[in-house]
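Novice: Here you go, sequence then predicted model.
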Amino acid sequence: MEKATSAHPERFPNEIIKLTADISLEVYSGEGSLGLELVKVDRAGKSTRINLNAFVSGFSILPDSEGKFQLNVNGRSIHCNFDAIGADPREIFALLHEMGHVITLNKHGRLYEYFVMRNRGVRGAGREVADERRAWAEALCIARKLRDAGYDLFPLFESNEAIAHWLRSRDSLGSYEKALEIAINETKGESILGISVEHSHTPKKNKKYS
């Protein structure tokens with residue numbers, strides 16, 4: 001993570017997306033990757049900024065032509081729907097989620113979703129949910145680091161419970177958990193990640209996010 005003056009002091013951003021009353025996301029064009037910075041302006045008009053690219057060193061950040069948030073592991077790139085963030089600033093957490101996948105990849109050397117492509121069914125769905133939960137955990141960890149540095153994005157939600165509801169209501173963690181539940185209903189007596197499918201249908205909720 002880099003706290004710094006602007007990485008692009010001589011250039012104007014291509015896009016400025018207001019996230020909170022005092023924090024904006026600035027998007028800069030760049031060779032092979034966009035540059036992303038959170039910018040905070042205090043009451044005196046003084047601005048500080050933090051570089052988001054530093055969280056995913058070695059991966060480029062690009063606009064997504066399909067309007068999605070997704071990770072291309074082979075291409076070492078994160079694809080982002082900036083229009084979605086502009087329409088709903090909470091979607092900045094979807095970008096942090098894809099960054100979380102990169103951090104998971106760096107920690108574990110692979111993503112479970114590639115296992116799932118070859119091994120569908122209960123065990124595969126369970127591993128896919130585990131991968132998504134890890135990525136969201138890393139996303140929230142990034143958000144806490146940003147908050148500690150003075151860039152608090154958590155006020156985009158009314159409460160921790162609102163964050164949990166948002167994660168499961170959008171087409172992300174909730175859809176994977178639903179796939180797991182369907183697979184469980186189709187298969188009895190098999191163990192998923194050490195948990196009997198006859199006793200647990202979905203992963204337990206994380207009660208504390210910040």
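Specialist: That came through, no problem.

Novice: Hmm, Trp136 and Ile103 touching each other?
Specialist: No - taking contacts as Cβ atoms under 8 Å, Ile103 lies outside contact range of Trp136: 11.3 Å. Bear in mind the C-beta positions are built from the backbone N, C-alpha and C, glycine included.

Novice: And these two? Which one has more around it.
Specialist: Each of Ile103 and Trp136 has its neighbours counted (other Cβ atoms under 10 Å); Trp136 has more, 22 against 19.

Novice: Could you confirm the more buried one falls within a strand?
Specialist: No - under DSSP: H, G, I helix; E, B strand; the rest coil, Trp136 sits outside any strand and is assigned helix.

Novice: how close does it sit to Ser65?
Specialist: Per Cβ to Cβ, to the nearest Å, Trp136 is found 25 Å from Ser65.

Novice: For Asn74, which three-state class applies?
Specialist: Applying three-state DSSP to Asn74 yields a three-state assignment of coil.

Novice: An error on my part: the question was meant for Glu98.
Specialist: Look at Glu98: counting by three-state DSSP, its state is helix.

Novice: Which residues are in contact with it?
Specialist: Neighbouring residues of Glu98 by Cβ atoms under 8 Å, 6 or more residues apart in numbering: 69-71, 78-80, 135.

Novice: Please, where are all the strands along the chain?
Specialist: Applying DSSP state E to the chain gives strands spanning 2-4, 15-18, 23-28, 35-41, 47-51, 60-63, 70-72, 77-80, 191-192, 195-196.

Novice: other SSEs contacting the second one?
Specialist: So the one you mean is strand 15-18. Applying 3 or more Cβ pairs under 8 Å, 6 or more residues apart in numbering; DSSP states H and E, one finds that strand 15-18 contacts strand 23-28, helix 82-87.

Novice: Just the terminal-to-terminal distance for stretch 31-39.
Specialist: Using Cα to Cα, to the nearest Å, the end-to-end distance of stretch 31-39 comes to 22 Å.

Novice: which residues are contacting that stretch?
Specialist: Applying Cβ under 8 Å, 6+ apart, the external contacts of stretch 31-39 come out as 6-8, 13-14, 16, 19, 23-29, 47-53, 60-63, 77, 80, 146, 151.
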